[in-house]
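Colleague: only geometry, no sequence info:
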């Protein structure tokens, strides 16, 4: 029993690191394929990724609010950035990626 607990803890740690890494990879991939056309250049008023001054008040709203807005559409951005095939989790990963890159 004493050996099982450390092994389980190690397995849980490895799993959580792998899951976080996969989520980061998904966010970057979704961003690159679906969001970067507008959010790299700021076209049509899209907040440019990396612009800390613009993203600070947005990030203060929280990832869940920003994700909801991205799923529903916001301003000139259509729902899910125009790609309705994206899952809500993929949209959230992309939003989190953009927020993280803009801190």
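Modeller: Received it, and whenever you're ready, just let me know what you need. Computed from a predicted structure; not experimentally measured. Numbers count the residues shown, from 1 in each chain.
Colleague: isn't residue 59 up against residue 102?
Modeller: Yes: shown here, residue 59 and residue 102 form a contact pair, counting by C-beta atoms under 8 Å, at 7.0 Å. For every residue, glycine as well, the C-beta is placed using N, CA and C.
Colleague: so after the helix or strand of the chain with the lowest mean pLDDT, what's the next helix or strand?
Modeller: Ranked by mean pLDDT, DSSP states H and E, the helix or strand of the chain with the weakest confidence is helix 4-30, at a mean of 57. Tracing the chain past helix 4-30, the next element assigned as helix or strand by DSSP states H and E is helix 36-39.
Colleague: following that next one, which helix or strand shows up next?
Modeller: Proceeding N to C from helix 36-39, the next assigned helix or strand is helix 52-61, under DSSP H and E.
Colleague: got the contact list for that next one?
Modeller: 47-49, 66, 98-99, 102-103 (C-beta atoms under 8 Å, 6 or more residues apart in numbering).
Colleague: in that helix, which residues are buried?
Modeller: Neighbour-count burial for helix 52-61, counted by 16 or more other C-beta atoms under 10 Å, picks out 55, 58-59.
Colleague: what would the residues you listed look like in JSON lines with distance to residue 88 and pLDDT?
Modeller: Listed next are these as JSON lines, based on distance: C-beta to C-beta, whole Å; pLDDT from 0 to 100:
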{"residue": "55", "distance to residue 88": "21", "pLDDT": "97"}
{"residue": "58", "distance to residue 88": "19", "pLDDT": "97"}
{"residue": "59", "distance to residue 88": "19", "pLDDT": "97"}
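Colleague: quick one: low-confidence parts of this structure?
Modeller: Within the chain, the ranges that satisfy pLDDT under 70 run 1-23.
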